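K.L.:
Mind folding the following:
(one chain, ligands or ions: 2)
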Amino acid sequence: MRITHARIIVCCPGRNLVTLKLETDQGLYGIGDATLNGREQAVVAYLEEHVVPALIGRDAHNIEDIWQFLYRGAYWRRGPVTMSAIGAVDMALWDLKAKAAGMPLYQLLGGKSRDRIMVYGHATGRDIDGCLEEVERHVEAGYRAVRVQCGIPGIATTYGVAKRAGERYEPADADLPAEHVWDTAKYLNFVPKLFEAVRERFGDGLHLLHDVHHRLTPIEAARLGKLAEPYHLFWLEDCVPAENQSAFRLIRQHTTTPLAVGEVFNSIHDCRELIESQSIDYIRATLTHAGGISHVRRIAQLAELYHVRTGFHGPTDLSPVCMGAALHFDSWVPNFGIQEYMPHSEETEAVFPHAYRFEDGHFTPGEVPGHGVDIDEQLAAKFPYRRASLPVNRLEDGTLWHW
Ligand SMILES: O=C(O)[C@H](O)[C@@H](O)[C@H](O)[C@H](O)CO
Ligand SMILES: [Mg+2]
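P.N.:
Numbering: from 1, shown residues only. Ligands and ions are numbered 1, 2, ... in the order given. Here you go, the predicted model:
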């Protein structure tokens with residue numbers, strides 16, 4: 001099954017999404033997601049100039065060899081741009097192989113380890129009451145797990161909070177980076193009250209998650225972990241930036257709150273120490289940004305040895321293609337934890353017809369051959385690319401901080 005054509009489709013049905021389509025001499029095609037939010041065109045150029053020309057004529061069945069060719073062969077290993085490009089190729093090749101076998105992708109990975117995939121949704125509010133209403137809405141829709149993010153009194157904009165009630169939170173919302181202001185003291189004094197209010201109203205049964213979005217120092221994260229213990233979070237996410245993997249050892253010494261990290265990771269080397277030192281509980285590196293199924297499978301299998309479970313990143317800046325492939329992976333992976341889910345816009349759903357379905361707080365990946373997600377190229381062409389940037393964060397005195 002030779003690769004004959006490769007196309008990169010960039011569209012913006014509400015947000016920018018990059019899709020790789022590989023066609024073969026057997027008439028089958030495979031699709032991969034190459035979206036790197038706010039840096040989309042860097043991956044497009046990498047694919048167009050350095051990857052696609054080298055793929056034409058290769059046997060699409062040799063997934064591992066193509067992976068090694070693109071990774072080792074590049075000499076310049078790792079990094080989000082390279083690994084997103086490799087991730088898209090790998091995802092498209094697995095899609096092709098499963099289509100050629102006439103099987104849903106999870107079958108090729110080893111079959112199902114579970115009947116359905118638990119997801120967590122995002123409840124956001126400008127204040128605690130607004131956030132509780134959104135939690136309520138999720139509970140009524142069947143969610144078993146909800147991530148809560150809330151406006152912080154005294155801070156004008158807060159990570160993860162939608163502009164208006166009931167709307168989605170979309171981070172890349174400006175042509176050039178918007179500037180937000182951050183204050184750790186205000187945040188730390190406030191956020192335990194949010195957890196307390198959720199537990200008071202919804203009891204202990206709901207899985208409760210929270211994303212710190214890399215804003216604390218290790219000792220501050222340790223304090224938050226301790227403060228959160230009475231509310232038994234499912235996880236505390238990205239409590240510190242994780243370039244320094246040993247920072248998590250310090251946090252771990254102080255708290256039993258489960259820790260999740262890894263949405264910005266792109267390689268097993270970004271999390272090897274975190275996993276081997278048992279400093280985390282959930283690894284969030286996902287298929288698009290971490291080199292596709294072939295590489296994330298290695299991460300998950302290392303993690304399994306150390307009781308670390310998966311909790312894939314799944315916001316709307318990953319396309320339905322990544323979501324579909326991730327749900328097949330989630331169906332198989334023995335050490336599954338949870339899957340993030342933010343509903344895509346109606347336009348995005350129409351551009352990417354898919355077999356996966358939501359019911360009662362869970363997803364099923366569908367039974368069609370491949371990963372079950374397609375792209376309507378004619379419709380995609382109606383939504384041209386628009387530059388959109390993620391914000392930056394400054395402390396109140398103007399110091400640039402982590403976003
Ligand atoms: O947990 C999450 O879903 C993430 O933190 C996202 O909200 C990121 O901010 C976004 O993916 C950046 O592009
Ligand atoms: Mg996050």
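K.L.:
how about the residues of the protein near ligand 1?
P.N.:
37, 171, 211, 213, 263, 313, 315, 317, 340, 390 (C-beta under 6 Å from any ligand atom). Any C-beta I mention is one placed from the backbone N, CA and C, and that applies to glycine too.
K.L.:
Pull the most distant pair out of the residues you listed.
P.N.:
Farthest-apart pair in the residues of the chain next to ligand 1 is 340 and 390; separation 17.3 Å (C-beta to C-beta).
K.L.:
quick one: which of these two has more around it?
P.N.:
Neighbour totals were compared for residue 340 and residue 390, and residue 340 leads with 25 against 15 (other C-beta atoms under 10 Å).
K.L.:
State the number of residues packed around the closest residue to residue 196 other than its chain neighbours.
P.N.:
The shortest distance from residue 196 to any non-neighbouring residue, by C-beta to C-beta, 6 or more residues apart in numbering, is to residue 231 (6.4 Å). By other C-beta under 10 Å, the residues close to residue 231 number 18.
K.L.:
Check residue 116 too.
P.N.:
Neighbours of residue 116 using other C-beta under 10 Å come to 18.
K.L.:
Next one: it relative to residue 321, how far apart?
P.N.:
Distance of residue 116 to residue 321, computed by C-beta to C-beta, to the nearest Å: 21 Å.
K.L.:
gap between the residue in the stretch 251-400 of the chain positioned nearest to ligand 2 and residue 286?
P.N.:
Ligand 2 sits closest to residue 263 of the stretch 251-400 of the chain, with a gap of 5.0 Å, by C-beta to the ion. Using C-beta to C-beta, residue 263 is found at 7 Å from residue 286.
K.L.:
residues in contact with the closest residue to residue 372 other than its chain neighbours?
P.N.:
Distance criterion C-beta to C-beta, 6+ apart; nearest residue to residue 372, sequence neighbours excluded, is residue 355 at 3.2 Å. Contacts for residue 355 (C-beta atoms under 8 Å, 6 or more residues apart in numbering) come out as 324, 365-368, 372-373.
K.L.:
try it again with 7 Å
P.N.:
365-366, 368, 372 (C-beta atoms under 7 Å, 6 or more residues apart in numbering).
K.L.:
Where do the strands of the stretch 151-300 of the chain begin and end?
P.N.:
179-182, 207-211, 235-237, 259-261, 282-283 (DSSP state E, counting those that start in this stretch).
K.L.:
coming back round to it: take the residues of the chain next to ligand 1 and keep only those in helices.
P.N.:
Among the residues of the chain next to ligand 1, no member falls in helices (DSSP state H).
K.L.:
buried subset of those?
P.N.:
Buried residues within the residues of the chain next to ligand 1, defined by neighbour count using 16 or more other C-beta atoms under 10 Å: 37, 171, 211, 213, 263, 313, 315, 317, 340.
K.L.:
Which pLDDT value goes with the spatially most central residue of the chain?
P.N.:
Nearest to the mean C-alpha position of the chain, by C-alpha atoms, centre = their mean, lies residue 313 at 2.0 Å. pLDDT, the model's per-residue confidence, is 98 for residue 313.
K.L.:
Where does pLDDT dip in the stretch 101-250 of the chain?
P.N.:
For the stretch 101-250 of the chain, applying pLDDT under 70 flags no range at all.
K.L.:
scratch that, the stretch 301-403 of the chain is what I was asking about
P.N.:
If you take pLDDT under 70 as the line, the stretch 301-403 of the chain has no such spans.
K.L.:
roughly how far apart are residue 93 and ligand 1?
P.N.:
To ligand 1, residue 93 is 25 Å away according to C-beta to the nearest ligand atom, to the nearest Å.
K.L.:
and that residue, how many neighbours does it have?
P.N.:
For residue 93, the neighbour count with other C-beta under 10 Å is 27.
K.L.:
Nearest spatial neighbour of it, chain-adjacent residues omitted?
P.N.:
residue 63 (4.6 Å).
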